[in-house]
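Chemist: next input, structure requested:
(one chain, ligands or ions: 1)
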Amino acid sequence: MNRNNHLKKVKNKKKPWDIVVIGGGASGLGAAVDAASRGYRTLLLEKNDFAKGTSSRSTKLVHGGVRYLQNGDISLVIEALKERGIMRKNAPHLVQDLSFVIPSYDWWNSPFYGIGLKIYDMMAGNLGLGPSTLLDRQETIDLIPNVKKKGLKGGVIYHDGQFDDARMAISLAQTAENHGASLINYCGVTSLVKEGDMITGVTAKDEFSGEEFSISAKVVINATGVFSDQIIQMDQPGSRKLIVPSQGVHIVLDKSFLNGPHAIMVPHTSDGRVLFAVPWNDYVVVGTTDTLIEQTLEEPIALEEEIAFILENAGAYMTTPPTRADVKSVFSGLRPLAAPEDNGRASKEISRHHKVTVSTSGLVSILGGKWTTYRKMSEDLINTAQSVGGLPERACISHSLPIHGYDYNSDWSNPLHVYGTDIEKIHKLDEAGNESLSDQVHLTKNQIVWAVREEMAITVEDVLARRSRALFLNAETTLALAPKVAKIIAEEAGHNQDWIDQQIKEFNALTQNYLLS
Ligand SMILES: Cc1cc2nc3c(=O)[nH]c(=O)nc-3n(C[C@H](O)[C@H](O)[C@H](O)COP(=O)(O)OP(=O)(O)OC[C@H]3O[C@@H](n4cnc5c(N)ncnc54)[C@H](O)[C@@H]3O)c2cc1C
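Modeler: Numbers count the residues shown, from 1 in each chain. Below is the predicted model of the structure:
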């Protein structure tokens with residue numbers, strides 16, 4: 001993917017695009033894949049980097065949502081379980097099965113959750129990842145060696161999916177490009193262009209040069225997550241707010257806190273939600289929270305009470321409860337929940353179903369949803385967009401569309417497995433460039449060069465936060481790596497020392513949000 005080539009193409013294009021998608025997170029990238037694979041001329045514009053928003057900050061679960069089952073949201077669970085199976089089938093290099101253990105400290109808990117999880121298994125049908133089973137005390141300890149043993153009666157094991165969200169986003173961008181779409185990061189939409197009352201395009205701004213240009217389109221899609229209301233206001237100032245942003249925080253711990261390949265699911269936290277401790281890339285991701293928030297920041301900040309809540313609720317299930325000093329990284333994201341008609345509901349009660357809306361001027365917006373259901377959301381979105389834009393009707397093919405890098409024989413013990421069939425090409429870039437630059441997070445010179453050359457990585461943050469996941473895993477180690485990474489990017493892209501200095505300064509400032517002490 002080459003940003004300059006795409007920029008040139010956009011500026012030189014005289015004919016309108018069939019579809020312009022605003023936003024490069026799960027919703028927008030999924031839409032670009034769906035639209036391009038139906039043969040529509042598609043352009044996606046992202047103001048920051050792909051997946052800079054919520055889509056790199058999830059719990060990394062591809063799941064039906066056991067919690068939604070508890071809430072009785074059966075249709076959402078059935079839809080998500082189906083999509084879980086499709087995502088696993090189309091991106092086997094990015095989505096894996098993971099076992100979750102619910103430890104139980106009361107004799108009635110295991111049968112209670114066991115029945116619920118049998119229903120969950122049945123709902124997945126032949127797309128199930130494995131049957132749930134009751135565990136006795138010793139079996140629970142065998143699976144989670146560092147589970148709190150005092151009072152432990154037994155547990156339940158069930159299966160869901162796990163993925164790398166930002167890597168999935170990059171792979172979707174590549175898939176869309178493979179099908180003919182153009183995608184540009186660091187190119188935000190600043191206004192909508194109208195003829196009469198109808199939208200006929202957008203004005204976009206190259207965030208590096210500051211240059212603004214107009215782009216015409218038969219239909220414009222707003223897929224900007226928690227920022228959706230900003231685009232809706234550009235269209236119809238004074239409209240009712242359609243998004244309720246809810247913050248979720250995760251902390252990342254050393255893998256010894258679980259000491260095994262299985263996750264813990266805490267079925268009932270002190271605020272009546274669920275909490276996960278999930279092994280991920282040699283660390284453990286623990287979260288999350290659900291806090292209604294007023295300000296939609298691009299870099300949301302974890303609240304002290306959210307960190308305390310996670311430490312306390314996860315600690316109750318671990319032999320050694322974690323403390324602040326154990327936190328390797330902390331990250332927060334904002335859920336773009338679709339506002340219910342009756343305001344005033346707690347965010348944990350707001351449905352995670354998605355909504356597609358169309359304004360009277362033809363702006364098509366996607367609101368709410370989950371990463372797991374991104375494909376179905378995109379299908380619904382493009383079905384609507386094709387009629388709004390008067391495009392020739394074409395069937396969706398994304399349910400059986402391999403995602404870039406598709407490799408059914410992925411070796412998950414290889415830290416590069418997320419690249420799928422690109423691994424060989426990365427290895428071959430430079431024999432000497434395959435050694436990791438750090439013992440704490442896996443990152444090679446070849447990965448950095450590949451990110452710049454092939455994955456539209458521009459900044460140090462792009463490489464360390466989303467092309468690799470170093471910042472999300474271990475913020476202190478990553479901070480120390482930044483100067484080396486800046487130098488490698490500068491050599492590859494032809495930047496000078498001023499660029500390197502500025503990048504290191506900006507990355508240092510950003511990293512403070514991911515460090516606890
Ligand atoms: C804490 C947390 C945990 C979660 N865990 C899970 C999970 O485990 N599994 C799951 O399935 N789902 C999970 N989700 C939900 C999932 O992450 C989100 O539903 C999904 O990522 C939202 O994607 P999006 O594309 O709608 O929004 P975003 O990813 O935020 O993308 C919107 C993009 O629009 C861009 N943008 C904004 N304004 C403009 C503009 N003017 N021009 C161009 N671009 C613009 C932004 O920069 C951003 O990149 C979780 C969510 C949170 C918050």
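
Chemist: which residue ranges form the strands in the stretch 1-150 of the chain?
Modeler: For the stretch 1-150 of the chain, the strands defined by DSSP state E, counting those that start in this stretch cover 17-22, 42-45, 61-62, 95-104, 133-136.

Chemist: turn those strands into JSON lines, columns for mean pLDDT, distance to the ligand and mean neighbour count.
Modeler: Placement of C-beta: from N, CA and C, glycine included. Listed next are the strands of the stretch 1-150 of the chain as JSON lines, based on pLDDT from 0 to 100; distance: least, Cβ to the nearest ligand atom, whole Å; neighbours: other Cβ atoms under 10 Å:
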{"stretch": "strand 17-22", "mean pLDDT": "98", "distance to the ligand": "5", "mean neighbour count": "28"}
{"stretch": "strand 42-45", "mean pLDDT": "98", "distance to the ligand": "5", "mean neighbour count": "28"}
{"stretch": "strand 61-62", "mean pLDDT": "97", "distance to the ligand": "3", "mean neighbour count": "27"}
{"stretch": "strand 95-104", "mean pLDDT": "96", "distance to the ligand": "11", "mean neighbour count": "22"}
{"stretch": "strand 133-136", "mean pLDDT": "95", "distance to the ligand": "23", "mean neighbour count": "17"}
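
Chemist: who touches residue 467 in this structure?
Modeler: Residues near residue 467 by Cβ atoms under 8 Å, 6 or more residues apart in numbering: 166-167, 170, 447-448, 451, 455, 457.

Chemist: got the CA positions of stretch 236-249 in CSV?
Modeler: Provided in CSV are the C-alpha atoms of stretch 236-249 (Å, rounded to 0.1, in the frame of the first residue of the first chain):
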residue,chain,number,x,y,z
GLN,A,236,-27.3,18.6,9.5
PRO,A,237,-26.2,21.0,12.2
GLY,A,238,-28.2,20.7,15.4
SER,A,239,-29.1,17.0,14.9
ARG,A,240,-29.8,14.9,18.0
LYS,A,241,-26.6,13.0,19.2
LEU,A,242,-26.7,9.5,17.9
ILE,A,243,-23.6,8.1,19.7
VAL,A,244,-23.1,7.4,23.4
PRO,A,245,-19.3,7.0,24.0
SER,A,246,-18.4,4.6,26.8
GLN,A,247,-14.8,4.1,27.9
GLY,A,248,-13.2,0.8,28.4
VAL,A,249,-9.7,0.4,30.0
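
Chemist: quick one, domains of the protein?
Modeler: Under the assignment automatic domain parsing, the domains of the chain span 3-54+167-241+351-396, 61-163+244-338, 429-514.

Chemist: which pLDDT does the model give the closest residue to the ligand within the stretch 401-517 of the chain?
Modeler: Closest to the ligand within the stretch 401-517 of the chain is residue 466: 10.4 Å, counting by Cβ to the nearest ligand atom. Turning to residue 466, the model gives it a pLDDT of 98.

Chemist: and for the closest residue to it other than its chain neighbours, the neighbour number?
Modeler: Distances taken as Cβ to Cβ, 6 or more residues apart in numbering put residue 166 closest to residue 466, at 4.0 Å, once the chain neighbours are dropped. The number of residues packed near residue 166 is 26, by other Cβ atoms under 10 Å.

Chemist: looking at it, residue 166 is touching residue 51, isn't it?
Modeler: Yes. Look at residue 166 against residue 51 with Cβ atoms under 8 Å: they come within range, at 4.6 Å.

Chemist: tell me, what's touching the two both at once?
Modeler: Counting by Cβ under 8 Å, 6+ apart, the residues touching both residue 166 and residue 51 are residue 466.

Chemist: name the residues of the protein found near the ligand, please.
Modeler: 22-28, 45-48, 52-55, 57-61, 188-189, 223-227, 248, 288, 333-336, 369-372 (Cβ under 6 Å from any ligand atom).

Chemist: these in helices, which ones?
Modeler: The helices, defined by DSSP state H, take in 26-28 from the residues of the chain next to the ligand.

Chemist: reformat those residues as JSON lines; add neighbour count.
Modeler: Formatted as JSON lines, these follow (neighbours: other Cβ atoms under 10 Å):
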{"residue": "26", "neighbour count": "30"}
{"residue": "27", "neighbour count": "32"}
{"residue": "28", "neighbour count": "33"}
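
Chemist: now flag whichever of the residues you listed is closest to residue 490.
Modeler: Distance ranking of these against residue 490, using Cβ to Cβ, places residue 28 first at 29.5 Å.

Chemist: excluding its backbone neighbours, what's nearest the closest one?
Modeler: residue 223 (3.6 Å).

Chemist: how far away is the one you found from residue 14?
Modeler: Computed as Cβ to Cβ, to the nearest Å, the residue 223 to residue 14 distance reads 25 Å.

Chemist: who's more crowded, those two?
Modeler: A side-by-side neighbour count of residue 223 and residue 14, using other Cβ under 10 Å, places residue 223 first with 30 against 5.

Chemist: and that one, what pLDDT?
Modeler: Looking at residue 223, its pLDDT is 98.

Chemist: ok, now how distant is it from residue 276?
Modeler: Here the distance between residue 223 and residue 276 works out to 26 Å (Cβ to Cβ).

Chemist: possible to save the contacts of residue 467 as a markdown table with pLDDT and secondary structure?
Modeler: Converted to a markdown table, those look like this (pLDDT from 0 to 100; DSSP: H, G, I helix; E, B strand; the rest coil):
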| residue | pLDDT | secondary structure |
| --- | --- | --- |
| 166 | 98 | helix |
| 167 | 98 | helix |
| 170 | 98 | helix |
| 447 | 98 | helix |
| 448 | 98 | helix |
| 451 | 98 | helix |
| 455 | 98 | coil |
| 457 | 98 | coil |
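
Chemist: which of those residues lies closest to residue 482?
Modeler: Nearest to residue 482 among these, with distances taken as Cβ to Cβ, is residue 448, at 11.5 Å.

Chemist: which helices and strands sit right next to the helix or strand of the chain with the lowest mean pLDDT?
Modeler: Across the helices and strands of the chain, mean confidence by mean pLDDT, DSSP states H and E is lowest for helix 66-70: a mean of 78. Applying 3 or more Cβ pairs under 8 Å, 6 or more residues apart in numbering; DSSP states H and E, one finds that helix 66-70 contacts helix 74-90, helix 109-124.

Chemist: give the buried residues for it.
Modeler: Within helix 66-70, the residues that count as buried by 16 or more other Cβ atoms under 10 Å are 66-70.

Chemist: hmm, back to that, check the helices and strands packed on helix 66-70 for me: which has the lowest mean pLDDT.
Modeler: By mean pLDDT, the lowest-scoring of those turns out to be helix 109-124, with a mean of 88.

Chemist: helices of the stretch 201-350 of the chain, residue ranges please.
Modeler: Counting by DSSP state H, counting those that start in this stretch, residue ranges of the helices within the stretch 201-350 of the chain are 228-235, 304-315.

Chemist: now do the same for residue 239: its pLDDT.
Modeler: 93.

Chemist: any idea how far the nearest residue to it once chain neighbours are set aside lies from residue 145?
Modeler: Taking Cβ to Cβ, 6+ apart, and ignoring the residues beside it in sequence, residue 239 has residue 232 as its nearest neighbour in space, at 5.2 Å. In this structure, residue 232 and residue 145 are 50 Å apart, going by Cβ to Cβ.

Chemist: cool, thanks, signing off.
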